[in-house]
Every structure is written in C-alpha cells, then in structure tokens.
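Undergrad: task: produce atomic coordinates for the following.
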Amino acid sequence: MEKIEHTTVATNGINMHVASIGTGPAVLFIHGFPELWYSWRNQLLYLSSRGYRAIAPDLRGYGDTDAPPSVTSYTALHLVGDLIGLLDKLGIHQVFLVGHDWGALIAWYFCLFRPDRVKALVNMSVPFPPRNPAVRPLNNFRAVYGDDYYICRFQEPGEIEEEFAQIDTARLMKKFLCLRIPKPLCIPKDTGLSTLPDPSALPSWLSEEDVNYYASKFNQKGFTGPVNYYRCWDLYVPKTYTVAFIN
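TA: Below you'll find the predicted structure:
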C-alpha cells in the first residue's frame, strides 16, 4: 500500500484526490456508494505489477476530494467532466474503464459522452438505464417500490444524513458493505436503519482496519455529497449533454 502514490489534481472546478501506481496502459477505476478509492486498493497493486498504470480517484463529494454544496453539482455532466478533466491533466488520451455501483453508472455515461476516450469497459452491478423522457425516474421508483425505497428516502436534503448521524459510522459502514439482501432495499421512516442487519462477522475481504479507514473519511467529509448523487437522479441526463461533451 505504501507504494501507491496520492496526489491532488485540479479538474472541472474541484480538487480531486487520486491514488495511482504503475506505468503502461491506463486503467481508471470508479468507485460506488459508500466507497472510496480504497475499494480498488488490491486491483491497483495487482494491475500495476502486470504492466498497467492503475488510477483510482475519490469521486466528487467523497474522501479527500472536494464536495460542492449545491445538490445540482452532482449530475452525470459534472461527474464525467471531473474524470475527463483528470485524464487531460494526467496526459492520458484513452483508458480501460472499470466501474462498480455508482461508478458503473458513471462509466456508462462516460462511454456515451466520450467514447473516444475509452479503450474498453468493465462494469459491475449496474446495467445501463435507458432514459424514458415520458417518465421521471424517481416517480417510477416510487410507483414500483414505494416511498421507503432507499433512493426515494435519500431525496429530502438533510433527512437521511440525520439518520446516518445517529449511528456509529464504522457500524454503518459494516451494514452497507456487508449487506446481502436480494429484495429491493427499503429504509422505512418508522424503523430507519435498524432494518439493515449488523453482520455477525466480517467477510474475508473486509477487515476492521478497512472499515475504520472508510469510517474516518466519512466522519471527515460526511454523507451529503455522496447522497446528492441520488438527489440528481431526475437530472441524469439532460438532453443538452451533446453540446457539453462533443464540442
């Protein structure tokens, strides 16, 4: 881990923390919620040892990257723009793109907006959501899953952050990272996070040290930036995206 280089790169109006290691063809890793660059630590080390330049930023709002206060600063245009600016600053034209969870969704739009910057895509856990201009995504979530569906619960500014603050952050991270519920995730207002089970033991791929690293960063930064991604769902993606990214 001490071989991984940590830098701060100015991109798209924010300062972005970036972890990287190695030389050769570039692989850009995009993390999900509630994660950090740290989610890719093992992949960074492995691929760098196989002749790749492995790069994993903390996304906008996360970890040691800036968190703009405005909810509308977390659209697909902003998130992909951050990464394009990062590649420009690093002097990288094309990357192998790897995304997980929210990172997968961002990676889909990265490919849609700027296919010229992608050599290949590896995406995990989130299929591409085709946009239906006749239906607002949040209305569709409510109709299918109800108001307690976690994406719906995340919409009111400050509300879910207050619930998160009522539980120890390390315990909260364990609940999230070890969650294995096949049905849609719901967080009822009357019972809140108590509906998310506490793991009886950590899985082999997650240590107490790992949990504490995540918790320390979320204690510093908070959850508003990451949750704002969900609050921009209906803005994902405006019809004018071609003007911003193809010019």
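Undergrad: shouldn't residue 101 be in contact with residue 31?
TA: Yes: the pair residue 101 / residue 31 is scored as a contact, 7.5 Å apart, by Cβ atoms under 8 Å. Yep, even glycine has a C-beta here, placed from its N, CA and C like the rest.
Undergrad: neighbour count for these two, which is higher?
TA: In terms of neighbours (other Cβ atoms under 10 Å), residue 31 is the more surrounded of residue 101 and residue 31; the figures are 24 against 18.
Undergrad: so what's that one up against?
TA: Under the criterion of Cβ atoms under 8 Å, 6 or more residues apart in numbering, the contact partners of residue 31 comprise 37, 39, 40, 56, 58, 59, 62, 100, 101, 102, 103.
Undergrad: helices of the protein, residue ranges please.
TA: When secondary structure is read from DSSP state H, the chain shows helices at 41-49, 76-90, 102-113, 137-145, 150-153, 159-165, 169-177, 208-221, 224-231, 241-246.
Undergrad: show me what the longest one is packed against.
TA: Contact here means 3 or more Cβ pairs under 8 Å, 6 or more residues apart in numbering; DSSP states H and E; on that basis helix 76-90 packs against strand 5-11, strand 14-21, strand 26-30, strand 53-57, helix 102-113, helix 241-246.
Undergrad: of all those, which one is nearest residue 44?
TA: With Cβ to Cβ as the measure, strand 53-57 is the member of the helices and strands packed on helix 76-90 nearest residue 44 (4.3 Å).
Undergrad: so what's the gap between the closest one and the chain middle?
TA: Taking the mean C-alpha point of strand 53-57 and that of its whole chain, the gap between them comes to 15 Å (Cα atoms, centre = their mean, to the nearest Å).
Undergrad: before I go, just wanted to say thanks for your time.
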